[in-house]
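K.L.:
Predicted model, plus sequence, below.
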Protein chains: 2
Amino acid sequence: MSKLVGGIEAGGTKFICAVGSGPDDIRAEIRIPTTQPEETLGKVIAFFKEQQEKYREQLRSIGIACFGPIDLNPHSSTYGFITSTPKPGWKNTNVVGAIRKALNLPIAFEHDVVGAAIGEAAWGAAKGLSDFIYITIGTGIGGGILVNGNPIHGLVHPEVGHMRLPHDLKKDPFLGNCPYHGDCFEGLASGPALEKRWGMPGYQIPDDHPAWSLEAEYIALAVSNLILTTSPQKIILGGGVMQRSHLFPVIRQKVLGILNGYVQARALLDDIEHYIVPPGLGNRAGILGSLAMAQQIV
Amino acid sequence: MSKLVGGIEAGGTKFICAVGSGPDDIRAEIRIPTTQPEETLGKVIAFFKEQQEKYREQLRSIGIACFGPIDLNPHSSTYGFITSTPKPGWKNTNVVGAIRKALNLPIAFEHDVVGAAIGEAAWGAAKGLSDFIYITIGTGIGGGILVNGNPIHGLVHPEVGHMRLPHDLKKDPFLGNCPYHGDCFEGLASGPALEKRWGMPGYQIPDDHPAWSLEAEYIALAVSNLILTTSPQKIILGGGVMQRSHLFPVIRQKVLGILNGYVQARALLDDIEHYIVPPGLGNRAGILGSLAMAQQIV
Ligand SMILES: Nc1ncnc2c1ncn2[C@@H]1O[C@H](COP(=O)(O)OP(=O)(O)O)[C@@H](O)[C@H]1O
Ligand SMILES: Nc1ncnc2c1ncn2[C@@H]1O[C@H](COP(=O)(O)OP(=O)(O)O)[C@@H](O)[C@H]1O
Ligand SMILES: [Zn+2]
Ligand SMILES: [Zn+2]
C-alpha cells in the first residue's frame, strides 16, 4: 500500500484533492469550492497536472469518492457521470471522463460514503475487516457497505438512509422531513430533521435534552436492521450528528435491547464498545479513502 | 456445470438427498425423516455410500444446505455443526464432520435458504445474476442474500426475518408472535402470525380477506428495506405463504409506493413484474441448490 496515487473527495460544497501514499505520507493537498463543473474540474486537473509533472510515472492512478447520484455501471454509456443531481449545473457531468482525458491515468470511482468506508478499512476503524458498514449521519444519511471485501453495488447501490423504521406517533408526532418518504430514517434522524423537530440546530441541543434518546432510538433501529440484513463485523457511525459522542453508549444499549439476544455473536454481546464505533480517521476518511481506492487498482 | 455431485437439503422435518448434475439429470433421490442425528445421518451416509460404489470417482463432492443455526466460520472448532437449535437431539451436531469422515469427499456447507438462492442462480429465476435475494415466508421468515456472486456471511449471517418494520397498532392491533421481538417481520407476517392474528391457518384465509392486504404491506416494507440496504437485481419470494400468488401484484405495487421513485432503476420502475418474482425452481430450489453448491467447489 505504499504506491503514490492521487485522490479526490468530490463533495457538494468542496472538492479535496491530494497526492500521497497514505495518512503519513501526504505530499500535497488542496481544497476547491464546488462551483460550476468546468471551473471546479478545471482546478482539480490543474492541481494534478502540476503533481504529475513533479512525480511523473510515480503517480500511478486517481481515486474519486464522489457525491451522487452517480453512474457506477461500467457497461453504461454514462459510467463515471454525476447523473440526476439537483445541484445547479452538475446534472450529467462526466467526472471520470474529464479527469481521465486530462491526466491519462487509471481511475477508481465510487460514492463518497463508500470511499470513506474503504479509507476506514485501509487505515481506520475497519482495518482488516471484510464486512462492515460506514454510516454518515449529517445533512443526509448514507451508508457504505462492504461485503466479502467489496462494496455492494447490485441494482444500483444501497440507500440506507431511506429505510423505513417503526415510528410511534404518540411518542414522536414529527412526521419526518424526507421529500420522498416523510418518516424514513433520514426523514426522522438527519441533522435537518433534528432541527425541524426541535426548532434549533442539532449542535445547539443540550446533551440532556430528550431529543437525544429519540435520536439514539432511530439510529439503533436502523443499525439493528442493518445487522439483520448485512451481518457486518463492525459498524462505524460518522457525520456531524455523531460528533455528539454521548450518543454512542445509548445507541449500543438500545441495539442490544432491540436484538434481544437473537444474534448470537460475541462481538455484539460481549464487546459492543468495539462493534459500534466512531470513524478511526475522523473527517479524513473520505480523502484517505480516495487514495486507498486508487491504490487498489494498480 | 455437468459434474456429478451429491446434495443434501437438511431440513427440520426431512433430509432430501440426491445425486446428479442438474435439474435434468437426477440419478437418485431419497427422503429421510429427521429423527435423531445418528439415525438420520446414518441413513444419509448409507445412501451416498451406495451411490459412491456405483459412480466411484465420478461423484466429486457433496453440498449441504442445512437448517440452522449452523457454524459457517471455517476457523471455528465447531465449523460445520448445527449449534444451538431447539430441535431435540440436534444441538451441537457435527454434520459436515460426519459426512466427510464417512465419504471422504469435499463438502460445501451453507444455510438452507442460501442453498435455495444458489439453486435459483444456477437454474432458476436468478440465472446469471450476481446480486439477488431469496426470501422464504413460511413457518419462519429467512433470506439468502448474494452480493457480488457470493453469500453474505460477515459477523454471522443475515436474519432478515427479524427486521423491525413500521407497525400501525390502530390498523393492526396484533402484537406479533416472535418470542424475541414480538412485532418483527416474522412476528407480523409468517404463517403462524397469520394464523394467530386471524384465528385460522393461512391456507384457509380466502383471497378476498383483508388479511392479504396487510400481509402484502409488511412484505413490501421488508422488501423495500432490503432494496435500500442490499440493492438486489432481483427478489425471489418463496415459502408456503407465497403460494398465494395473488400477493405478488399487490406487493409489487406497494413496493413502488413505499420507495416513491427514490431508487431510479429501470428494472424496478418499468419492469417490476420481473423484479419481484416467485422461485423458478419451486420447492426444488433447496435440493438443486445443494447440488450447485457441490459443483462450485470442484
Ligand atoms: N455537534 C453537533 N451536534 C448535532 N448536530 C450536528 C453537530 N454538528 C453538525 N451537526 C448537524 O449535522 C449536519 C451536518 O452534517 P455534516 O456531516 O457535518 O455535513 P454534511 O452531511 O453536509 O456533509 C447539520 O444538520 C448539523 O446541524
Ligand atoms: N396456500 C397457503 N396459503 C397461506 N399460507 C400457507 C399456505 N400454504 C402454507 N401456508 C403456511 O405456510 C407455513 C408453512 O410454510 P412452508 O414454507 O410450507 O414450510 P416451512 O417454512 O415449515 O418449511 C404454515 O404456517 C402454513 O400455514
Ligand atoms: Zn427518504
Ligand atoms: Zn423476531
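P.N.:
Sure thing, it's come through. Residues are numbered from 1 along each chain as shown, chains lettered A, B, ... in the order given. Ligands and ions are numbered 1, 2, ... in the order given.
K.L.:
all contacts plus neighbour counts: C-alpha atoms, from now on.
P.N.:
OK.
K.L.:
quick one: low-confidence parts of chain A?
P.N.:
Within chain A, the ranges that satisfy pLDDT under 70 run A:1.
K.L.:
So which residues of it form strands?
P.N.:
A:5-10, A:14-22, A:25-33, A:62-66, A:81-82, A:93-94, A:107-111, A:132-137, A:141-147, A:150-151, A:234-238, A:276-277 (DSSP state E).
K.L.:
would you list those in CSV and tack on distance to ligand 3 and mean neighbour count?
P.N.:
Conversion of those to CSV gives the following (distance: least, CA to the ion, whole Å; neighbours: other CA atoms under 10 Å in any protein chain shown):
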stretch, distance to ligand 3, mean neighbour count
strand A:5-10, 23, 29
strand A:14-22, 24, 22
strand A:25-33, 28, 14
strand A:62-66, 20, 29
strand A:81-82, 20, 22
strand A:93-94, 24, 18
strand A:107-111, 18, 24
strand A:132-137, 13, 26
strand A:141-147, 9, 25
strand A:150-151, 22, 20
strand A:234-238, 19, 24
strand A:276-277, 23, 21
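K.L.:
which bits of chain A sit near ligand 1?
P.N.:
Chain A has residues A:138-140, A:191-192, A:201-203, A:239-241, A:243-244 near ligand 1, with proximity defined as CA under 6 Å from any ligand atom.
K.L.:
Of those, which count as buried by neighbour count?
P.N.:
Burial by neighbour count, judged by 16 or more other CA atoms under 10 Å in any protein chain shown, picks out A:138, A:140, A:191-192, A:202, A:239-241, A:243 from the residues of chain A next to ligand 1.
K.L.:
and of these, the nearest to B:I118?
P.N.:
A:G140 (35.5 Å; CA to CA).
K.L.:
ok and the residue in the stretch 101-250 of chain A nearest ligand 3?
P.N.:
The nearest approach of the stretch 101-250 of chain A to ligand 3 comes at A:H162, 4.0 Å away (CA to the ion).
K.L.:
how close does A:V95 sit to A:A102?
P.N.:
To A:A102, A:V95 is 11 Å away according to CA to CA, to the nearest Å.
K.L.:
of the two, who's got more company?
P.N.:
Using other CA atoms under 10 Å in any protein chain shown, the more surrounded residue of A:V95 and A:A102 is A:V95, with 20 against 13.
K.L.:
Now the residue of the stretch 151-298 of chain A found nearest ligand 4: closest residue in space that isn't a chain neighbour?
P.N.:
Per CA to the ion, the residue of the stretch 151-298 of chain A with the smallest distance to ligand 4 is A:Y262, at 7.6 Å. Leaving out its chain neighbours, the residue that sits closest to A:Y262 by CA to CA, 6 or more residues apart in numbering or on different chains is B:Y180, at 6.7 Å.
K.L.:
What residue in chain A comes nearest to chain B?
P.N.:
Per CA to the nearest CA, A:P166 is where chain A lies closest to chain B, at 3.9 Å.
K.L.:
Excluding covalently adjacent residues, which one is nearest to that residue?
P.N.:
Sequence neighbours aside, B:P166 is the residue nearest to A:P166 in space, at 3.9 Å (criterion: CA to CA, 6+ apart).
K.L.:
Hmm, A:H167 and that neighbour touching each other?
P.N.:
Yes: counting by CA atoms under 8 Å, A:H167 is a contact partner of B:P166 at 6.3 Å.
K.L.:
on that earlier part again, next, the contact list for the residue nearest to A:Y262, please.
P.N.:
A:259-262 (CA atoms under 8 Å, 6 or more residues apart in numbering or on different chains).
K.L.:
what do you get for A:S213?
P.N.:
Contacts of A:S213 (CA under 8 Å, 6+ apart): A:V250.
K.L.:
Check A:L41 too.
P.N.:
A:95, A:98-99.
K.L.:
Near the nearest residue to A:L256 once chain neighbours are set aside, how many other residues are there?
P.N.:
In space, and not counting its chain neighbours, A:L256 is closest to A:L269: 7.4 Å by CA to CA, 6+ apart. By other CA under 10 Å, the residues close to A:L269 number 15.
K.L.:
how close does A:L269 sit to ligand 1?
P.N.:
Distance, A:L269 to ligand 1, by CA to the nearest ligand atom, to the nearest Å: 28 Å.
K.L.:
Hmm, A:V255 and that residue touching each other?
P.N.:
No: look at A:L269 against A:V255 with CA under 8 Å: they stay out of range, at 10.2 Å.
K.L.:
hang on, the earlier thing: tell me which two in the residues of chain A next to ligand 1 are the farthest apart.
P.N.:
Using CA to CA, the residues of chain A next to ligand 1 reach their maximum pairwise distance at A:G140 and A:R244, which is 16.3 Å.
K.L.:
what sits against the nearest residue to A:I137 once chain neighbours are set aside?
P.N.:
Nearest in space to A:I137, with sequence neighbours left out and distances taken as CA to CA, 6+ apart, is A:G239 at 4.7 Å. Going by CA under 8 Å, 6+ apart, A:G239 touches A:135-138.
K.L.:
Ramachandran angles for A:G239?
P.N.:
phi 100, psi 170 (degrees, to the nearest 10).
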